[in-house]
Every structure is written in C-alpha cells, then in structure tokens.
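In: coordinates only, sequence not included:
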C-alpha cells in the first residue's frame, strides 16, 4: 500500500515537472513570496519617505539619462521609488489574497460539506443562500460589503473572502456528493462510524484536491479584486503601497509622459495573476484523475 502511494506521488510530481506553464507559475509565486518576505532587504528605497521629496517627482528610470540613481523604475508624483513601492505592494497583495482565500476556504468547506453530505432541507437552504450571492457580480458584491462594514485593507480582505465563500461551497459540495456514495463510506457507516468521524476522516481528505486547485485560481482573482478595490479607493488607504492604489494615483500621468508610474504596477498585477492561473491549471492537470494518461 505504501509503495502504491509513493508511486502515485512520484507520478504526480513528474506530471507537474513536465508542465512548463505550471513551473513558470510556480516560479512567479516563489518570487512573489520571497519579495514579500524580504521586502525590507531588497527594496532599494523607503516606499514612504517622510517628508516626500517633491523635487524627484515623476522622474524616469534606468532608460533615461534624467533618471535618479537608485530608483531604476522611476518615481511617482510624490517622488517615491516605484520599484520599492511595488516590492512592498507584493506583501500587501499577497496578504489580502491569502487571508481572503483562507476565509473562503474555512466557511466554504464547512457549508459545502454539510450541504452535500446531509442533503435534504440543509442542502436546499444552503444552496439557495449561495444562489442569492451568485446573483451579484463578485466585484459589485465586494463593493457593497465594503460600503457596509467600512473601508480599509482589513475590510477588503473580509469582503473578498465573503464573496468567494459560495464559489468554494459549490466546489466542495460537488465533490462530497460524489464521495458520499462510494462504497468505503457505506462501510464506515455500517460499522458504526459517526457522521463527524466519516466527514473528518474520509469525506474532507478525499475531496480536498479540487479545493487546492480552485484555491490557487481564487488567489489570483483575489489579488485582482484587491487591486480593483484599491483603484476605487475602497481598499488600502494612502500611503500604503498597494498596486491598485498606485494605479489610481498614477494613471492620469500617462498622457503627460510619465507612463512608468502606472505601467509597472500594472505589470506586477498582470504577472501575478498570470502566474497563479498557470500554477492552478498545472495543479488541476496533476490532481484531476480524469486527465491522467
């Protein structure tokens, strides 16, 4: 039995290593995590100098002779280093993403498991609530929640997490509906195992694979939604270096020639979302048995 599990694990690792797009996504995620952890050491400048040096505002980067030494991606309207703010913004964006996905997983798994396992009126009640939440576009619902509970980075985390709960609940419910009909579940019930034991020992562990895949994809969407809330002024408050807020403060300078102030935060969002989506697709290929050859 142990040999079979080891062989299965090795096959999954080989499938993942042979997926170039998934490896690319993993590299991007590693870069993001290391940037967030080591921001204090790798950022060339203080992201929020006090007081700001307005004599350095909107200076270009390494591509221009007018650039300022030590600020390779130029400066923003307040003379702050764009590269440093992007690096510190990685910490903010990943924090929002992981906390939001964590909230969605905890409550989504709970609702999806009890809905799929017990069925009946429990399933009907939970799924009707989920359907009501699905009636609203995700970003619009997040904006409504932020408007109700207040603005701020912590409120944005909660709002995005609440928005993703119904999606996670449906994903886990579909797996539970299939798993609870398996023979080994019937055997556990026949020998007297209680519902809680069956759920914790068998149902959840065997239905967690799609949660891992969807959680990775959800992390990318959470970063994008956090940037959207920041762009609208409903997320991180100034002077917090957050990618969406950086875009909101800088996009108007594109027409005046200071394109770098908004372009590089946008590129950071682009590569983060792209990398996490590629990683999620790769995990799906590895963990989905229907895709095995």
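Out: That came in fine, so what should we check first? Being a predicted model, the structure only gives us computed values, none of them experimental. Numbers count the residues shown, from 1 in each chain.

In: Name all residues that make contact with residue 105.
Out: 168, 211, 215 (Cβ atoms under 8 Å, 6 or more residues apart in numbering). In this view, the C-beta of every residue, glycine as well, is placed from N, C-alpha and C.

In: Counting by contacts, list what the helix or strand hosting the second one packs against.
Out: I take that to be residue 211. Of the helices and strands defined by DSSP states H and E, residue 211 is found in helix 209-231. Counting contacts by 3 or more Cβ pairs under 8 Å, 6 or more residues apart in numbering; DSSP states H and E, helix 209-231 packs against helix 82-118, helix 138-149, helix 153-179, helix 243-250, helix 260-287.

In: For the ones you listed, give me a markdown table that also has distance to residue 63 and mean pLDDT.
Out: Output for the helices and strands packed on helix 209-231, formatted as a markdown table (distance: least, Cβ to Cβ, whole Å; pLDDT from 0 to 100):
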| stretch | distance to residue 63 | mean pLDDT |
| --- | --- | --- |
| helix 82-118 | 13 | 92 |
| helix 138-149 | 34 | 87 |
| helix 153-179 | 33 | 90 |
| helix 243-250 | 17 | 89 |
| helix 260-287 | 9 | 89 |
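
In: Just give the closest residue to the most centrally placed residue in the chain, not the sequence neighbours.
Out: Against the mean C-alpha coordinate of the chain, by Cα atoms, centre = their mean, the closest residue is residue 219 at 1.5 Å. Once flanking residues are discounted, residue 219 sits nearest to residue 97: 4.6 Å by Cβ to Cβ, 6 or more residues apart in numbering.

In: Correct me if wrong: that neighbour contacts residue 225.
Out: No: taking contacts as Cβ atoms under 8 Å, residue 97 lies outside contact range of residue 225: 9.0 Å.

In: circling back to that earlier point, most neighbours among the contacts of residue 105, which one is it?
Out: residue 168 (27 neighbours; other Cβ atoms under 10 Å).

In: show me the contacts for that one.
Out: 104-105, 107-109, 112, 211, 214-215, 218.
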